[in-house]
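> Fold the following, please.
(one chain, ligands or ions: 1)
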Amino acid sequence: MDKKRIYLSSPTMHGEEQKYVQEAFDTNWVAPLGPNVNAFEKEIAAYTGCGHAAALSAGTAAIHMALRLLGVGRGDVVFVPDLTFAASCNPIVYENGTPVLIDAEPDTWNMSPQALRRAFEKYPHPRAVICVHLYGTPAKLDEIMEICAEHDVPLIEDAAESLGSTYKGRHTGTFGKYGIYSFNGNKIITTSGGGMFVSAEEDAAKKVTFLATQARDPARHYQHSQIGYNYRMSNVTAGIGRGQLLHLEEHKAKKKAIYQQYREAFADIPQLRMNPMNPDGDANCWLSCLTIDKSSEITSDIVMDALEEKLNAESRPIWKPMHLQPVFSECDFFAHNEDGSSVGTDIFERGFCLPSDIKNTEAEMEAIIRTVRELF
Ligand SMILES: *Cc1c(COP(=O)(O)O)cnc(C)c1O
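Down below sits the predicted model:
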């Protein structure tokens with residue numbers, strides 16, 4: 001018997017998306033640029049308070065553009081979290097820069113301020129610092145921003161996973177010089193694929209829009225004095241984004257409820273721990289994660305296999321740290337702990353992401369919880 005798939009985090013559509021897409025078709029704005037793109041940028045800016053926004057084809061493209069604006073070039077060092085998705089790191093290499101990997105800290109699973117300080121001792125002049133808000137939990141922004149300010153280095157916030165999360169009442173993505181969001185299919189809202197570059201600086205958003213549309217100089221003929229990119233969001237996908245944005249707060253509330261339900265359900269099992277929240281923040285709880293104590297003979301692989309086999313439920317490992325990736329194995333890495341042991345590696349080895357799809361039913365949630373509990 002085929003059981004219905006229980007997803008980790010799949011798109012949740014509502015209907016308004018189609019209205020905006022229909023408008024694009026009705027007016028024949030089936031192109032990059034167009035009224036949905038402009039409106040989506042304004043709506044994201046209004047929602048997050050970021051100032052200015054440039055809608056792009058992917059969050060990865062937005063990180064690339066942020067690095068381009070900062071002039072990252074051959075040999076330039078960029079500090080980036082070790083425990084993240086490779087897309088945080090890859091664009092540094094597109095510009096021939098050198099990623100230097102900063103370990104996670106245990107309190108939020110994000111960039112460790114003490115490892116960051118150590119990295120600055122060895123590399124006093126990186127071109128940029130990239131921070132991430134993993135699984136939607138805000139990083140220790142006060143500490144990270146203070147260190148960046150001491151060294152006069154710009155911060156890029158990779159808020160791909162944390163749209164809707166706030167830190168001390170302000171949206172993640174709006175603290176750094178530049179911020180980015182992702183609308184990939186599994187993110188809290190989606191355009192099927194897309195991203196947004198954001199900044200308080202209007203010139204920065206304008207420059208990104210220019211570079212992302214092939215860097216065409218203002219002239220009647222095709223004139224180019226810089227290398228450009230075809231990174232703009234299309235007017236059709238921006239329509240999906242506009243419809244989705246109407247439901248972001250609702251998605252966030254449901255994700256938070258999922259996290260809360262899991263936390264309560266596993267609270268009495270001492271070997272299990274949920275991913276941490278930042279007490280200074282309000283997380284969107286994009287994915288709910290568990291770590292299993294070292295003392296348990298049940299590994300995360302065993303739990304993930306049980307969910308797959310018994311419930312046809314999708315779970316997945318924590319992001320594998322960048323310093324363990326073959327492609328980044330040559331990169332310098334700064335551990336959180338004095339003894340050089342890596343917090344990110346420990347989280348990766350003991351943790352996994354639970355099914356966190358907001359369409360999962362109460363019965364499915366209960367079955368997931370039961371399946372995990374039975375193992376402990
Ligand atoms: C998803 C993700 C990205 C990339 O966003 P895309 O829109 O898929 O290009 C970057 N960083 C992190 C941390 C992500 O989770």
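
> Looking at the residue of the stretch 1-150 of the chain found nearest the ligand now. What's its pLDDT?
Nearest residue of the stretch 1-150 of the chain to the ligand, counting by CB to the nearest ligand atom: Gly59, 2.7 Å away. Where C-beta positions appear, they are placed from N, C-alpha and C, glycine not excepted. Predicted confidence (pLDDT) for Gly59: 98.

> Number of residues surrounding it?
28 (other CB atoms under 10 Å).

> Apart from its chain neighbours, what residue comes closest to it?
Ser182 (3.0 Å; CB to CB, 6 or more residues apart in numbering).

> phi, psi of that neighbour?
phi -120, psi 140 (degrees, to the nearest 10).

> Now do the contacts for it.
Residues in contact with Ser182 (CB atoms under 8 Å, 6 or more residues apart in numbering) are Ala58, Gly59, Thr60, Ala62, Ala160, Glu161, Leu163, Gly194, Gly195.

> residues in contact with Leu282?
Slight slip there: residue 282 is Asp, not Leu. Contact analysis of Asp282 by CB under 8 Å, 6+ apart lists Ser165, Thr166.

> If we use 6 Å, what do you get?
By CB atoms under 6 Å, 6 or more residues apart in numbering, the residues touching Asp282 are Thr166.

> Ok, Gly194 next?
Phe183, Met233, Thr237.

> next one: Leu141
Going by CB under 6 Å, 6+ apart, Leu141 touches Tyr167, Phe175.

> do that again at 10 Å, thanks
Neighbouring residues of Leu141 by CB atoms under 10 Å, 6 or more residues apart in numbering: 108, 110-111, 113, 131, 133, 155, 157, 167-168, 170, 172, 175-176, 278, 280-281.

> likewise Ala367?
Lys3, Ile6, Leu307, Lys310, Leu311, Ala313, Pro355, Asn360, Thr361.

> same deal with Tyr178?
Under the criterion of CB under 10 Å, 6+ apart, the neighbours of Tyr178 are 50, 62-63, 65-67, 69-70, 128, 130, 154-158, 197-201, 204-205, 208.

> What parts of the stretch 101-250 of the chain come near the ligand?
Proximity of the stretch 101-250 of the chain to the ligand, by CB under 6 Å from any ligand atom, involves residues Val132, Asp158, Ala160, Glu161, Ser182, Asn184, Gly195.

> Restricted to helices, list the contacts of Tyr178.
Within the contacts of Tyr178, residues falling in helices by DSSP state H are Ala62, Ile63, Met65, Ala66, Leu67, Leu69, Ala204, Ala205, Val208.

> Hmm, Ile156 and the fifth one touching each other?
Yes - between Leu67 and Ile156 there is a contact at 7.3 Å, judged by CB atoms under 10 Å.

> Find the residues that touch each one of these two.
Counting by CB under 10 Å, 6+ apart, the common neighbours of Leu67 and Ile156 are Val78, Pro91, Ala128, Ile130, Tyr178.

> okay, and for the stretch 151-300 of the chain, where does confidence drop off?
For the stretch 151-300 of the chain, no stretch has pLDDT under 70.

> How are the strands of it distributed by residue range?
Assigned by DSSP state E, counting those that start in this stretch, the strands in the stretch 151-300 of the chain fall at 155-158, 166-167, 170-171, 178-182, 195-199, 272-274, 281-282, 289-292.

> Paired strands for the first one, with orientation please.
Counting by DSSP bridges, the strands paired with strand 155-158 are strand 128-132 (parallel), strand 178-182 (parallel).

> Helices of this protein, start to end?
Going by DSSP H, the chain shows helices at 16-26, 35-48, 59-69, 90-94, 113-122, 141-150, 202-212, 235-245, 248-266, 300-311, 343-350, 362-374.

> Any chance of the ones you listed in a markdown table with distance to Lys294 as columns?
Output for those, formatted as a markdown table (distance: least, CB to CB, whole Å):
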| stretch | distance to Lys294 |
| --- | --- |
| helix 16-26 | 45 |
| helix 35-48 | 39 |
| helix 59-69 | 34 |
| helix 90-94 | 32 |
| helix 113-122 | 22 |
| helix 141-150 | 28 |
| helix 202-212 | 45 |
| helix 235-245 | 40 |
| helix 248-266 | 17 |
| helix 300-311 | 12 |
| helix 343-350 | 7 |
| helix 362-374 | 18 |
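
> Phe334 is nearest to which of the ones you listed?
helix 113-122 (4.3 Å; CB to CB).

> so what secondary structure elements neighbour that closest one?
If you count contacts as 3 or more CB pairs under 10 Å, 6 or more residues apart in numbering; DSSP states H and E, helix 113-122 packs onto strand 77-81, strand 98-102, strand 128-132, helix 141-150, strand 333-334.

> The ones you listed into CSV, with extra columns for mean pLDDT?
Below are the helices and strands packed on helix 113-122 laid out as CSV (pLDDT from 0 to 100):
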stretch, mean pLDDT
strand 77-81, 98
strand 98-102, 98
strand 128-132, 98
helix 141-150, 98
strand 333-334, 98
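
> so how far is the ligand from the closest residue in space to Asn36 that isn't next to it in sequence?
Once flanking residues are discounted, Asn36 sits nearest to Ala238: 3.9 Å by CB to CB, 6+ apart. Distance, Ala238 to the ligand, using CB to the nearest ligand atom, to the nearest Å: 14 Å.

> So Ala204 is in contact with Gly176, correct?
No - under the criterion of CB under 10 Å, Ala204 is not in contact with Gly176, lying 11.2 Å apart.

> Identify the contacts common to the two.
Ala66, Val198.

> Show me which of those two is the more surrounded one.
More crowded of Ala204 and Gly176, by other CB under 10 Å: Gly176, with 26 against 21.
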